[in-house]
Structure formats: C-alpha cells, structure tokens
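In: Can you look at this prediction? I've put the sequence above it.
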Amino acid sequence: MVLQSASFGFKDSGTPLKAMLLSASVNVLAALALALLFGDPVLGVALATALAQWLSAAYLLGAMRSRLAPLLAATANKRAALRRAFVPERAVVRSFLTFAGPAFFAMAGKVVCYAMMSFAAAGAGTIALAAHQIGMQVFFLFSNAGDAISNSVQAFLPATLPPRLRPDVDAFPPEARERRRGDLDATRELILSAVKVAGLGGALNGLLAASISVVFGRAFTSSLEVLAEMQRVVPLMFASLLMHASVMVFEGCLFASRITQYLAWSYLASTVVFTVGMFAARSAGASLVAVWCTLFAYQVVRFVQFGWRVAQIAPLFAGPEGQNAPKPAA
C-alpha cells in the first residue's frame, strides 16, 4: 500500500494498475496450480495469495527504484541521502505523523464500524449473519472504485492548492507559503469533475452489486433463506454504494488539503455514535435491514460532514497576500 500510494504521489496511476493486474493473474493461476499440486484448495488459495502479494510488491518496488535512481545519482552526498531514506530526520517523522495519525483514525473508524455491523447482524440469527457476510463481500468488492478516485484526487489536487495547504509545504520558502494563492478555478474544476465521476461510478457500482446479488445470488449460497434475507438489503446496498464514491472523493480532498484534524475528530465522533447504535441494535434484536439502514445513515452523515468541509476550502484562497492571508482550519 505504501508503494502504491507513492506511485500515486508521482502522478503515476499506470504502475499500480499493472501491479494489480499482475497480482490478480498470478493469484488465479497459482491458486489452481497449487490446489492441484497439494490436493488442498484452501492451502492452494492461501499460498497463491501470498505469492501474488509478494510479486506485486516486488514489481512496485522495482518501479520505484527506477524512478528514484536518477534523483539519487544527482545527489552530491549519496551516503547522507541513503541515511535519510532509511533513518529520516525528526522533523520529517513529526510531519509524517501529523498526517498519518488522522489517516490511522480514519481507517480504524471504518474498520470498527464495519465490524460492529457484523456484531449487530449476529444478534438477528445465523441466517441474517450469513446474508450479511455475503452482502458485505459484494459491497467491499464494488467500493474499491471510490477508493481509486480518492487516491487520484489526493495525487492531483495538491498541485492546485496554495503552498500552505499542500502536503509538501516544507518545500516552499516561508514567504511563499503565504503569498502564493494557488489556482482556485483549477481546484474547483478538479473537485467537481471528481464528484461527477464518483456519482456516475457510484450509481454504476450500485447497479452492478444489486444485479449480482439478485441474479447470481446462488453463486454465493444454496440456502433459500439466506438468499431471501440478502435480497432484502439489496436496495440499501445500492444506496450505500451510490453515496460511498462521493464520500471518498470528499475524504480525499480533505487529506490532500491537509485538513486532517477535522477528519480525525469526525471519524472519532461518528465511530463512537455508530458503535453505541450497534450495541443497542444487538440488544434489541434488530433485523438485518435495520443494520444496513445504519450503514446507509453512516454514509449520509459522512457525505454531509466531509462535503460541508470541502465547501469551505475555497475561502482559504482569498484574502490579502502576506501575513493577513487566512490560515487553513484544522
């Protein structure tokens, strides 16, 4: 994931795509070969997955090494450059943690919320839990599109922002951080384009996920009770995926603009409320439909929270130059 994100940081989306295709191809072919070789499908799939991940990482590492080699060759003190690469300075570590800490809260918040959904679904019975697990696998499969758009926004949006809002703010002289305003029109155009793509992608992903769940439901289970329970939440799956891509675009905009503290506190608050709600739903024996209603509500809350904050980015471009320029809000 680090190498993939680094590639996006270099505005290189082709290398991660090639690595993903390589990983998927090796995973499928190796799983079949190893399952036949060992006579154990589970062992074959596990080994194939590990092999595919290692090959993908090696491919990304090789591509990154080729990209960094010219930069290292142009460096006068190569030993110092290598030392900084493996033992970063305290200021770099501090700057990284300032950004990575909120990102950790965001990821942890999502994991906790999805895990609490399974906890609440288990209270509705075995059939409901089985249907929920299938539904979540389909949901996660089609939610990757939103993550990809978010990564693209994080790669391209900083170039349009004022230096004081950019992740590489330290690369600018102190006087330039306040005086350079960035390109507001380009920022608006990029955000609007990403939101449009996310809206269309979310609708398409929702339709595909709903169609697979309804038409090919028997590929997941032969239980008619599980199928019936799963199909009850299909409309909510569609609605959640419709919102998910736009939510991820707004989240990517906030990360790219270094408005990370707001993200961290938003995820902390929503995770606490969501967890309490799931405990209450489990205690009340809520149905699977009610559990998925909370997922849709979770998407709506994040859409409003992040969308409202993204709308506040534009005023950060305004104001007089110099010391009177407005500071980015946390």
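Out: Good, I have the coordinates.

In: so how far is the one helix or strand W308 maps to from its chain's centroid?
Out: Using DSSP states H and E, W308 maps to helix 288-310. In terms of Cα atoms, centre = their mean, to the nearest Å, the gap separating the centre of helix 288-310 from the centre of its chain is 16 Å.

In: Stretch 145-156 too?
Out: How far stretch 145-156 lies from its chain's middle: 8 Å, per Cα atoms, centre = their mean.

In: try stretch 270-279
Out: Using Cα atoms, centre = their mean, the distance between the centre of stretch 270-279 and that of its chain works out at 21 Å.

In: Could you check how far A57 is from L200?
Out: 32 Å (Cβ to Cβ, to the nearest Å). The way it works is simple: take the backbone N, C-alpha and C, and place the C-beta from them, glycine included.

In: Could you do L36 as well?
Out: Distance check for L36 against L200: by Cβ to Cβ, it reads 42 Å.

In: Show me the shaky parts of the stretch 1-150 of the chain.
Out: 1-13, 67-99 (pLDDT under 70).

In: of A57 and L200, who's got more company?
Out: A57 (16 against 11; other Cβ atoms under 10 Å).

In: how far does the one helix or strand that one maps to sit from the chain's center?
Out: Taking DSSP H and E as the criterion, A57 maps to helix 41-73. Here the centre of mass of C-alpha atoms in helix 41-73, compared against the chain's by Cα atoms, centre = their mean, lies 20 Å away.

In: The most centrally placed residue in the chain sits in which helix or strand?
Out: Closest to where the C-alpha atoms of the chain average out (Cα atoms, centre = their mean) is D147, at 4.1 Å. Element membership for D147, per DSSP H and E: helix 126-156.

In: now the angle between helix 288-310 and that helix, please.
Out: Computed with axes from the mean of the first three to the mean of the last three Cα atoms, to 10 degrees, the direction of helix 126-156 lies at 10 degrees from that of helix 288-310.

In: and helix 126-156, what does it pack onto?
Out: Other helices and strands packing on helix 126-156, by 3 or more Cβ pairs under 8 Å, 6 or more residues apart in numbering; DSSP states H and E, are helix 2-9, helix 90-122, helix 184-215, helix 224-232, helix 234-256, helix 288-310.
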